[in-house]
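Enquirer: kindly return the folded structure for what I paste below:
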Amino acid sequence: MIPAVLLLLLVWTTSVFAATAGSAILALRTVANQPYASDATIVELRGERADPMPDEWRILLADPSARGGVREVSVANGAITSERTPLKGFQNVAEMAAIQTSQVSLDSSNLLQLVREQANEARVAFQWLDYTLRTDPSTRKPVWTIRLYDDLGALVGTMGVSAEGGAIVESLQMPDGSPLKKSPSKKAGGLLGKIAEFTESTARKVGDTTLRTVGSVQEFLVGERTIGPKDEE
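Expert: Residues are numbered from 1 along each chain as shown. Model prediction:
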C-alpha cells in the first residue's frame with residue numbers, strides 16, 4: 001500500500017509541473033541567438049498565470065528593424081512558439097533598460113522555491129503567479145518581480161528577487177506595500193494547498209503508518225510537514 005501511495009503522489013506531482021514553459025534562462029538564450037537579436041535589445045521577460053509555471057515565456061525586445069520598433073517572442077522549452085511585431089499596446093520600449101542575459105543566473109525553478117518559502121512563512125494563500133524580469137534602471141541589475149493572485153484573480157502579494165544572485169530585494173508584501181504578517185490560521189494555497197489537501201485526504205484512507213510516510217513526502221515536496229507524526233530521530 002505504501003509504495004502505491006508514493007507512486008500516486010509522484011505521478012500527481014509530475015503532472016502538476018508537466019507541460020510548462022520550461023527554463024526562463026533557456027528562453028532568454030533562445031531569443032538572444034536569433035539573427036534579429038544582434039541589432040535589438042531584450043528588455044523584458046514575462047510569464048503570466050503560472051500554476052506554478054507559465055505555459056510560455058514572452059520576451060519583449062526593442063528592435064529598430066521591427067515595425068513599431070517592438071518585437072514580442074513567445075518561447076516554451078527552448079523553442080519559439082510565436083513571434084509578432086505589434087504596432088499598438090507597448091509604450092516607451094526603446095527607453096527600457098536592456099537585460100544582460102549573462103547576468104541572469106537565478107532561473108525560474110529556483111525562483112519558485114524562494115517564492116514558495118516566503119508564502120509558506122507568511123501563510124499567503126495563492127492560486128497562480130505572474131513573473132516579470134526587467135533591469136532595474138537605477139542599479140542596472142536584472143530583478144524578478146513576482147505577483148501572487150488568489151483564485152478570484154485578486155492580487156494578494158508581491159515580492160522582488162535579484163536575478164543575478166537570488167537575494168530578496170523586496171520581501172513578500174501586500175498590494176498596498178505594507179509588509180505581510182505571519183498568520184498561523186491561514187493555509188498555503190495554490191500548488192502548496194493542492195499538495196497538502198491531496199496527501200491529507202489520501203492519508204486518512206490508509207492508516208497511521210502511511211500517514212507518517214505521506215507526511216514525509218509532503219515535507220520533501222513543500223518543505224513543511226503538517227500531516228502525520230514526524231519520523232523519530
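
Enquirer: got the domain ranges for the protein?
Expert: If you go by automatic domain parsing, the domain ranges for the chain are 2-15+187-222, 22-173.

Enquirer: quick one: mean pLDDT over the first one.
Expert: With pLDDT averaged residue by residue, domain 2-15+187-222 scores 52.

Enquirer: do the longest one as well
Expert: Per-residue confidence for domain 22-173 averages out to 96 on the pLDDT scale.

Enquirer: so which of the domains of the chain comes closest to Leu180?
Expert: domain 22-173 (4.3 Å; Cβ to Cβ). Placement of C-beta: from N, CA and C, glycine included.

Enquirer: endpoints of the closest one, how far apart?
Expert: 27 Å (Cα to Cα, to the nearest Å).

Enquirer: what's the answer for stretch 62-77, then?
Expert: End-to-end distance of stretch 62-77 (Cα to Cα): 23 Å.

Enquirer: how about stretch 71-89?
Expert: 12 Å.

Enquirer: only the buried residues of that stretch, if you could.
Expert: For stretch 71-89, a neighbour-count test (16 or more other Cβ atoms under 10 Å) marks 71-76, 85 as buried.

Enquirer: what does it contact?
Expert: Contact with stretch 71-89 is made by 20-23, 26-27, 29-31, 34, 36, 40, 55-61, 63, 66-68, 70, 90, as judged by Cβ atoms under 8 Å, 6 or more residues apart in numbering.

Enquirer: so where do the strands sit in this protein?
Expert: For the chain, the strands defined by DSSP state E occupy 41-50, 57-62, 70-76, 79-84, 128-135, 142-149, 155-162, 168-173.

Enquirer: what is the second one packed up against?
Expert: Based on contacts counted as 3 or more Cβ pairs under 8 Å, 6 or more residues apart in numbering; DSSP states H and E, the elements that strand 57-62 packs against are helix 24-32, strand 41-50, strand 70-76.

Enquirer: turn the ones you listed into JSON lines, including distance to Arg147.
Expert: Formatted as JSON lines, the helices and strands packed on strand 57-62 follow (distance: least, Cβ to Cβ, whole Å):
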{"stretch": "helix 24-32", "distance to Arg147": "16"}
{"stretch": "strand 41-50", "distance to Arg147": "9"}
{"stretch": "strand 70-76", "distance to Arg147": "20"}
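
Enquirer: quick one: which of these is nearest Gly157?
Expert: Nearest to Gly157 among the helices and strands packed on strand 57-62 is strand 41-50; the distance by Cβ to Cβ comes to 14.2 Å.

Enquirer: in stretch 166-173, what's buried?
Expert: Here stretch 166-173 shows 169, 172-173 as buried, counting by 16+ other Cβ under 10 Å.
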